[in-house]
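Student: sharing a model that was predicted from the sequence below.
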Amino acid sequence: MRERTIGGRAVSAVGLGGMPMSIEGRPDAERSIATVHAALEAGVTLIDTADAYHLKAGEVGHNEELIARALREYGSGAADVLVATKGGHLRPGDGTWTLNGDPQYVKRAAKESARRLGVEAIGLYQFHRPDPAVPYAESVGALSELLDEGVILMAGISNADVTQIDVAQEVLGGRLVSVQNQFSPAFRSSLPELERCAELGIAFLPWSPLGGIANAKDLAEHHGAFQQVADEVGVSVHRVTLAWELALAPVVVPIPGASRPESIRDSAAAADLDLTAEQVARLSA
């Protein structure tokens, strides 16, 4: 599989989003682990998770622990995998989401994530979502301290706008390596952030790159051009969608969620799909 870089570290051009394995409709642990193993066998070396990816109130870190178990059981072949996790966005377990950007909380959350992942230092830790009750620079300042303390090796942010990207880059002293925002054919409002990341050489990680768990199956129905191109090249519309995102900038690394081995195998193959300039332009239009 072709590679891209995050903070100078080579990763697969398509990653795996672990969220569907731990929220509503999640599969049993065995199928989830089989999905992670299928991703690794397909060449995926970036796995995205978060402490908030869980279903019930008492399950904080469910997905982190699941990913850690899958990597342990895979053995030495998982040594090159970069696990990216996030903190600062909470799920009480009643279907709602809350925010906590307090720097001390973010630091505690990172240390708990490291414990659940079974690592001395988290490969990539991202501030999950801005908290209006806390100045953004203060929340990101926690990432700077975590870097200095060696709790995390690289720092990123998620759900950020262009101004917040610039603030984070300044607060971190140029050490910001990734921005994880929603981006898909149906959700293109993060294009300015993608373009800013390309200018700065920072990885842009689209979450829900296929439109989200509920909408991925409707790609062909609502975005006819993508199905048209898929028919032209003889692959799935999902694979074409990820290939289009990869073609937008060399910093883009989509992280499609998956809970079935066959899904991540198809997504991973997008890394090696070359669309023509005309096809990319048609899809972008």
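Tutor: Thanks, I have the structure now. Numbers count the residues shown, from 1 in each chain.
Student: so which strand or helix has the spatially closest residue to residue 37 that is not a sequence neighbour?
Tutor: Distances taken as C-beta to C-beta, 6 or more residues apart in numbering place residue 74 nearest to residue 37, at 5.6 Å, with adjacent residues excluded. All C-beta atoms are positioned from the backbone trio N, CA, C, and that covers glycine. Assigned by DSSP states H and E, residue 74 falls within helix 62-74.
Student: just the CA atoms of that helix, as PDB, please.
Tutor: What follows is helix 62-74 as a C-alpha-only set of coordinates in PDB (Å, rounded to 0.1, in the frame of the first residue of the first chain):
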ATOM      1  CA  HIS A  62     -13.800   0.600  25.300                       C
ATOM      2  CA  ASN A  63     -12.400   1.100  21.700                       C
ATOM      3  CA  GLU A  64      -8.900   1.800  23.000                       C
ATOM      4  CA  GLU A  65      -8.800  -1.400  24.900                       C
ATOM      5  CA  LEU A  66     -10.300  -3.300  22.000                       C
ATOM      6  CA  ILE A  67      -7.600  -1.900  19.600                       C
ATOM      7  CA  ALA A  68      -4.900  -2.700  22.100                       C
ATOM      8  CA  ARG A  69      -6.100  -6.300  22.400                       C
ATOM      9  CA  ALA A  70      -6.300  -6.800  18.700                       C
ATOM     10  CA  LEU A  71      -2.700  -5.500  18.200                       C
ATOM     11  CA  ARG A  72      -1.400  -7.700  21.000                       C
ATOM     12  CA  GLU A  73      -3.100 -10.800  19.600                       C
ATOM     13  CA  TYR A  74      -1.700 -10.000  16.100                       C
END
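Student: that helix: which residues count as buried?
Tutor: 62-68, 70-71, 74 (16 or more other C-beta atoms under 10 Å).
Student: helices and strands of this protein: which one bottoms out on pLDDT?
Tutor: The weakest-scoring helix or strand in the chain, judged by mean pLDDT, DSSP states H and E, is helix 219-222 (a mean of 80).
Student: what comes up buried for that one?
Tutor: Buried residues in helix 219-222, counted by 16+ other C-beta under 10 Å: 219-220.
Student: and for the helix or strand following that helix, what are the contacting residues?
Tutor: Using DSSP H and E, the helix or strand that directly follows helix 219-222 along the chain is helix 224-233. Helix 224-233 is contacted from outside by 185, 219-220, 236-237, 239-241, 244, 273, 275, 279, 282-283, 285, using C-beta atoms under 8 Å, 6 or more residues apart in numbering.
Student: roughly how far apart are residue 33 and residue 56?
Tutor: As for residue 33, its distance to residue 56 is 20 Å (criterion: C-beta to C-beta, to the nearest Å).
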